[in-house]
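# this one's sequence-less:
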């Protein structure tokens, strides 16, 4: 078995967890249920993305192309930028090291059309 075949086998195996996550999030659903399909699809992408980014990072560090410290500093920068972007996208909602905080009046406007 070549490397590509082994990789596809390993990915096929680990992405089966999408079904567990779908059940955990939505409960038992039929395979045809649109919400269940959406959650399974999203979880599969998330699983694969995590594996690919971790693998790519490991190769870059192992080959000496980047240092672990450089990578960690870049992760910090990206996390801060994304957090600030979410705050702009969802006015009245922000995060702290320990929680999510709501400015009730601003968040009420942000969330007015959200499902109950």
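Happy to help now that I have it. Just so it is clear, the model here is predicted, and its values are computed rather than measured. Numbers count the residues shown, from 1 in each chain.
# who's in contact with the residue nearest to the spatial centre of the chain?
Taking CA atoms, centre = their mean as the criterion, residue 46 is the residue nearest the geometric centre of the chain, at 5.2 Å. With contacts defined as CB atoms under 8 Å, 6 or more residues apart in numbering, residue 46 has no neighbours. Where C-beta positions appear, they are placed from N, C-alpha and C, glycine not excepted.
# Same question for residue 60.
Contacts of residue 60 by CB under 8 Å, 6+ apart are 66, 71.
# Quick check: mean pLDDT of the helix or strand where it lies?
Counting by DSSP states H and E, the secondary-structure element that holds residue 60 is helix 34-62. Looking at helix 34-62 alone, the average pLDDT works out to 97.
# Report the distance from that helix to the chain centre.
With CA atoms, centre = their mean, to the nearest Å as the basis, the distance from the averaged C-alpha position of helix 34-62 to the chain average is 8 Å.
# Tell me the buried residues in whichever helix or strand comes after that helix?
Moving toward the C-terminus from helix 34-62, the first helix or strand encountered (DSSP H and E) is helix 68-89. For helix 68-89, the neighbour count (16 or more other CB atoms under 10 Å) marks no residue as buried.
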